[in-house]
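> this one's sequence-less:
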């Protein structure tokens, strides 16, 4: 079954490692085989990876779109995870689920959970700033 994609004017998408930017008009096309696809809302640039959990998201994104360098990305991922867990051991259940997806080559599902990890990080930082240390 083909995946129907509609891109807004100027919207970006990554298909199998290739960045595509739509022109001035809405475009519609079908992807007829299984390839890694990320829509603009799910793409994180290197400049946006400003926190430990955002860096985890970025490296998972790279695993998803650049399978040829998985060993390097896995090494980076596990180092980042070690650092995050040292600072926030309470993130272990979520990181455990993300890692399970990674170990089973379900990188898109790992990315979805990594968004939740970023939300967790943002909430923890906000609570620390406001004096609530229950996270």
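Noted; the coordinates are in hand. These numbers were taken from a predicted model, which means no experiment stands behind them. Residues are numbered from 1 along each chain as shown.
> Isn't residue 13 up against residue 37?
Yes - using Cβ atoms under 8 Å, residue 13 is in contact with residue 37, at 6.7 Å. C-beta here means a position set from N, CA and C on the backbone, and glycine is covered the same way.
> domains for the protein, by residue range?
3-40, 46-129 (automatic domain parsing).
> ok, and which of those has the densest surroundings?
Using mean count of other Cβ atoms under 10 Å, the stretch among those with the largest mean neighbour count is domain 46-129, at a mean of 16.
> ok, the spatially closest residue to residue 35 that is not a sequence neighbour - contacts?
Ranked by Cβ to Cβ, 6 or more residues apart in numbering and with sequence neighbours excluded, the top spatial neighbour of residue 35 is residue 16, at 4.0 Å. Going by Cβ atoms under 8 Å, 6 or more residues apart in numbering, residue 16 touches 35, 36, 37, 65.
> so how far is residue 55 from the third one?
Here residue 37 is placed at a distance of 22 Å from residue 55 (Cβ to Cβ, to the nearest Å).
> ok, now the first one?
Between residue 35 and residue 55 the computed distance is 25 Å (Cβ to Cβ).
> Repeat that for the second one.
As defined by Cβ to Cβ, residue 36 lies at a distance of 20 Å from residue 55.
> And for residue 7?
28 Å.
> Residue 116 now?
Applying Cβ to Cβ to residue 116 and residue 55 gives a distance of 16 Å.
> cool, residue 4 as well?
33 Å.
> remind me which residues of this structure are low pLDDT?
132-135 (pLDDT under 70).
> what about the helices in it?
52-65, 70-87, 92-103, 107-129 (DSSP state H).
> What is the nearest of the contacts of residue 16 to residue 73?
residue 65 (10.3 Å; Cβ to Cβ).
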